[in-house]
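K.L.:
Provided below are the primary sequence and the corresponding predicted coordinates.
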Amino acid sequence: MEVVIFLSVNQEYVMAYREKDFTALIASCMICFLLLYMGCIGNNSPQGNSTVSTQSITSTTLNDSVNESLFSEEKMPYDQIAFSGIIGGKPAYTVSLSGKSFILYDGKEIGREYESASSPVEIGGKLAYVASKDAKSFVVWGGNETEGRYFDVWSLGDYNGKPIYVAGKEGKSVLVYGGQEMGTQYDYVWDYRVIAGKIAYTASHSNETYISSAIRPRSSSVKGVSPYGVKNLVVYDGKEVGREYLDAENPLELDGKLVYVALKQDKKYVIIYDGKETGNEYDSITNPEVLGGRLAYGAESAGKKTIIYDGQEYGKEYDGVYGFGLVAGKLAYVAEIAKKRFVVYGGQEIGRDYAGDKSPSDVKELEGGPAFIVKNNFKYSVYYAGKKVDTKYHTIDFDSLRVADGKVTFLAAWNNAWYIVTEK
């Protein structure tokens, strides 16, 4: 079964790894994905030491709110609906009706013949998705069922025009590509990436831990994320990497080279780039991503959370920092003061006078500027292009917020019904 995110989710930042379980949707959470690009000058490889950004921060008030009458609604005949991405230039959704999930794509309902169908993606120019029948999960690609039958399937993607995914079987998980299982020598495969044309994944043995208590990864974790205490390794091009550390995970590609996060013997985390430790050590490193050709990640040291981007440290002056990304070549991130959150972008605090409690969670680029959503008094407002749009909706699918045919559109729910909302 797959997880699909509404306006927020999951995934703790399961950054990963965008795993989605449609049945587990919680409409009250928020996590956004980031559209990013930053045109900084300098070497793209990680810097040897982090420096604190000295940009001055000023507070700015958003323009007057825009009445929601500027938008039109299309009521959808489903109990739930979640945006799954753009496939072949057209939006794809995972929907639910009377307890059954299936795909809505190009005006057609797909996969209704199965017990469930979710997570549509494009692979080799064909529609692919995860389906289940007779309590077994498998991949449907180009209208045909693939041979593998598993307890669960997640992280469906494209590698050289063929499906690749992680599958649960007999208390273990494996990587499946081209009908062949990989990583069978391990108890668990947690995630994968394609780096310089080669497959890298995080794997672990259930009997290898770096704390004294016993760990049961399968029962102690969400899909794609190993629990605290399990010793992970990075397997790249069939070879183990990072065994000398207590833990090694989150493989990424930067300039054609392998990057991953390692936990040292002194319980400090560090970035490993091309086989060498780089940057400062931290109490934790989270959500590493390559944005605009440069490495970005969340870091925490002595209880203070910051964002590291291209070797610079951002957000140290705030109580906390959360989602981050690049908007029109500038860093944008969510900051918090006195339990109120707002967006910092281009040296300005945006929406601080409209700050919400525990929202926004993240920020993305829309119409050349930052976009985010905030919940106040049980209703959501949308911020984009420097304006605040107050709405009646109690849920907004942040992933779906985008420009289509020159107009802003998003999914929203109100009064037990879902709508596609579009600018008039």
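P.N.:
Good, I have the coordinates.

K.L.:
three-state assignment of Gly168?
P.N.:
Look at Gly168: counting by DSSP: H, G, I helix; E, B strand; the rest coil, its state is strand.

K.L.:
got the contact list for Ser284?
P.N.:
If a contact means CB atoms under 8 Å, 6 or more residues apart in numbering, then Ser284 has Tyr269, Gly298, Ala299, Glu300 as its contacts. (C-beta placed from N, C-alpha, C; glycine too.)

K.L.:
per-residue pLDDT, the spatially closest residue to the first one that is not a sequence neighbour?
P.N.:
With CB to CB, 6 or more residues apart in numbering as the criterion, Tyr269 has its nearest non-adjacent residue at 4.3 Å, and that residue is Ile285. Model confidence at Ile285, expressed as pLDDT, equals 95.

K.L.:
look up which residues are beta-bridged to Ile285.
P.N.:
Ile285 has these beta-bridge partners by DSSP bridges: Ala299.

K.L.:
residues touching it, list them.
P.N.:
By CB under 8 Å, 6+ apart, the residues touching Ile285 are Val261, Tyr269, Val270, Ile271, Tyr297, Gly298, Ala299.

K.L.:
could you do Val176 as well?
P.N.:
For Val176, the contact set (CB under 8 Å, 6+ apart) comprises Gly148, Pro163, Ile164, Tyr165, Val166, Ala167, Met182.

K.L.:
got the CA coordinates for whichever strand or helix holds it in CSV?
P.N.:
Assigned by DSSP states H and E, Val176 belongs to strand 172-177. What follows is strand 172-177, C-alpha atoms only, in CSV (Å, rounded to 0.1, in the frame of the first residue of the first chain):
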residue,chain,number,x,y,z
LYS,A,172,12.6,-8.3,4.8
SER,A,173,12.8,-5.6,2.1
VAL,A,174,14.7,-5.8,-1.2
LEU,A,175,15.4,-3.6,-4.2
VAL,A,176,13.8,-4.8,-7.4
TYR,A,177,14.9,-3.8,-10.9
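
K.L.:
make sure Glu317 is indeed in a helix.
P.N.:
No - assigned with three-state DSSP, Glu317 falls outside any helix and is coil.

K.L.:
Phe71 pairs with what?
P.N.:
Glu423.

K.L.:
neighbours around it, how many?
P.N.:
20 (other CB atoms under 10 Å).

K.L.:
wait, doesn't it sit right on Tyr419?
P.N.:
No - applying CB atoms under 8 Å, one finds Phe71 not in contact with Tyr419, separated by 9.4 Å.

K.L.:
now the nearest residue to Lys90 once chain neighbours are set aside: phi and psi?
P.N.:
Sequence neighbours aside, Asp106 is the residue nearest to Lys90 in space, at 5.3 Å (criterion: CB to CB, 6+ apart). For Asp106, the backbone dihedrals (degrees, to the nearest 10) come out as phi 50, psi 40.

K.L.:
please report how far Ile86 lies from Ala332.
P.N.:
Distance, Ile86 to Ala332, by CB to CB, to the nearest Å: 22 Å.

K.L.:
so for the two, which sits in the more crowded spot?
P.N.:
Ala332 (26 against 12).

K.L.:
what strand or helix carries the more buried one?
P.N.:
strand 330-337.

K.L.:
still on that earlier bit, count of residues packed around the residue nearest to Lys90?
P.N.:
When neighbours are defined as other CB under 10 Å, Asp106 has 13 of them.

K.L.:
please apply the same query to the one 3 residues further on.
P.N.:
Using other CB under 10 Å, Glu109 has 13 neighbouring residues.

K.L.:
wait, what's in contact with it?
P.N.:
Neighbours of Glu109 in contact, by CB under 8 Å, 6+ apart: Val95, Phe102, Ile103.

K.L.:
mind redoing it with 6 Å?
P.N.:
Each residue near Glu109 by CB atoms under 6 Å, 6 or more residues apart in numbering is listed here: Phe102.

K.L.:
before we move on, back to that, buried residues, the following helix or strand past the strand holding Val176. List them.
P.N.:
Note on strand 172-177: by DSSP H and E, the next helix or strand toward the C-terminus is strand 180-182. Under the neighbour-count criterion of 16 or more other CB atoms under 10 Å, strand 180-182 has Met182 buried.

K.L.:
now swap in stretch 361-373 and tell me
P.N.:
Neighbour counts over stretch 361-373 (16+ other CB under 10 Å) mark Ser361, Asp362, Val363, Lys364, Glu365, Leu366, Gly369, Pro370, Ala371, Phe372, Ile373 as buried.

K.L.:
give me the beta-bridge partners of Ala332?
P.N.:
Gly325, Tyr345.

K.L.:
same thing with Ala167?
P.N.:
Ala167 has these beta-bridge partners by DSSP bridges: Val153, Val174.

K.L.:
pretty sure Tyr78 contacts Leu97?
P.N.:
Yes - using CB atoms under 6 Å, Tyr78 is in contact with Leu97, at 5.1 Å.

K.L.:
more crowded one of those two?
P.N.:
Each of Tyr78 and Leu97 has its neighbours counted (other CB under 10 Å); Tyr78 has more, 19 against 15.

K.L.:
now stretch 239-254: buried residues?
P.N.:
Buried residues in stretch 239-254, counted by 16+ other CB under 10 Å: Val241, Gly242, Tyr245, Leu246, Asp247, Ala248, Glu249, Asn250, Pro251, Leu252, Glu253, Leu254.
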